[in-house]
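Undergrad: Curious how this folds, go ahead:
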Amino acid sequence: MAVEPIIRLTRPDVLKVLENVKFVVHTIVPEQYRFWKSNKRGVCPHPIAVSNGPTGSILALDYNIETGLSRLLTIRLHQPADVSVVRDGLRDARDLCFIDGIAFVCERGKSAIPFVEFEGKVRICTKSLKRRAELLSHLKALSLPTDGTVPVLCQRLNEHLGAISKSIDSAEHVQIHPNRLSKPSAICAASNDLLFCSDDESQYIYQVTMTFDGVTIHGNAMKYTAYPSSIVNLFSITVLDQCAFFLGASSQGWAIQMRT
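TA: Here you go, the predicted model:
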């Protein structure tokens, strides 16, 4: 299962030695499967959406039909797969996407798009900033003054981030404006700073341009296109070769639409 032995065995110097060896005898001991709470059967009973995730894993939404709550899971690509709960209690969450180390989820029950960062690219942790160059980089990105000693720069950055934190209700949600998404249903990432998200309430698909302020993510939501007349709900969006494909439910059944 490990990659390291394969890399070692295929090194040029090893292959060169093996060229002059007629045969090799080696006893292979198979890895025994060990089952834990995180990889036993039934740990992910009702997955409804899946996406690529951090290196070596995929992401999935596990939906509880009885409660209407979803769990965001990471599934490590192993045999057997190892499942971890990243976020629990998501209300009627049905779709997700992953881009640049950040997972985005459509949470219909809260009219929100919560996100989970896996690589620390959203929130600035000032405690980990020890060098002056690091502080100056963040201050310049936030258009803040860059004069003063390291303690002064650190205090300035802390005060700025603290003021932002006090001005928002939930830093774990994308701050959507000016259009509010009442029932976000499907989402996909077109680039590191651009999302497409559908809203079943307004029957529109929105283009969400993202900016980062060191505390949370702000999303400028602009109408991209209206739902086709036959579509009632959208379940999935994907972008391929500058074309957006939508999977939704119509009065006649399932339908796939395309927009360029």
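Undergrad: contacts, neighbours, all on C-alpha from now
TA: Will do.
Undergrad: Any idea how far the longest helix belonging to the chain is from the middle of the chain?
TA: Assignment by DSSP state H gives helix 150-167 as the longest helix of the chain. Taking C-alpha atoms, centre = their mean, to the nearest Å, one finds the center of helix 150-167 at 27 Å from the center of the full chain.
Undergrad: Sheet partners, orientation included, of the following helix or strand past that helix?
TA: Sequence order places strand 175-178 as the next helix or strand after helix 150-167, per DSSP states H and E. Paired with strand 175-178 in the same sheet, following DSSP bridges, are strand 217-226 (parallel).
Undergrad: From the contact counts, what lies against the next helix or strand after the strand it pairs with?
TA: Scanning forward in sequence from strand 217-226 by DSSP H and E, the next helix or strand is strand 231-240. Here strand 231-240 touches strand 93-99, strand 184-191, strand 194-199, strand 243-250, going by 3 or more C-alpha pairs under 8 Å, 6 or more residues apart in numbering; DSSP states H and E.
Undergrad: Would you reformat the ones you listed as a markdown table and include mean pLDDT, distance to residue 6 and mean neighbour count?
TA: Putting these into a markdown table (pLDDT from 0 to 100; distance: least, C-alpha to C-alpha, whole Å; neighbours: other C-alpha atoms under 10 Å) gives the following:
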| stretch | mean pLDDT | distance to residue 6 | mean neighbour count |
| --- | --- | --- | --- |
| strand 93-99 | 95 | 29 | 25 |
| strand 184-191 | 94 | 34 | 24 |
| strand 194-199 | 94 | 38 | 24 |
| strand 243-250 | 80 | 39 | 17 |
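Undergrad: could the ones you listed be laid out in TSV, adding distance to residue 51?
TA: Converted to TSV, the helices and strands packed on strand 231-240 look like this (distance: least, C-alpha to C-alpha, whole Å):
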stretch	distance to residue 51
strand 93-99	6
strand 184-191	10
strand 194-199	15
strand 243-250	16
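Undergrad: For residue 73, grab phi and psi.
TA: phi -120, psi 150 (degrees, to the nearest 10).
Undergrad: where's it relative to residue 47, distance?
TA: Computed as C-alpha to C-alpha, to the nearest Å, the residue 73 to residue 47 distance reads 9 Å.
Undergrad: So for the two, which residue has more residues nearby?
TA: residue 73 (23 against 16; other C-alpha atoms under 10 Å).
Undergrad: Surely that one and residue 60 touch.
TA: Yes. The criterion here is C-alpha atoms under 8 Å, and residue 73 meets it with residue 60 at 5.2 Å.
Undergrad: if we can go back for a sec, common neighbours of residue 73 and residue 47, please.
TA: 60-62 (C-alpha atoms under 8 Å, 6 or more residues apart in numbering).
Undergrad: Strands - which of these land there?
TA: 60-62 (DSSP state E).
Undergrad: what bridges to the residue nearest to the spatial centre of the chain?
TA: By C-alpha atoms, centre = their mean, the mean C-alpha position of the chain lies nearest to residue 103, the distance being 1.3 Å. Note on residue 103: beta-bridge partners by DSSP bridges are residue 98, residue 116.
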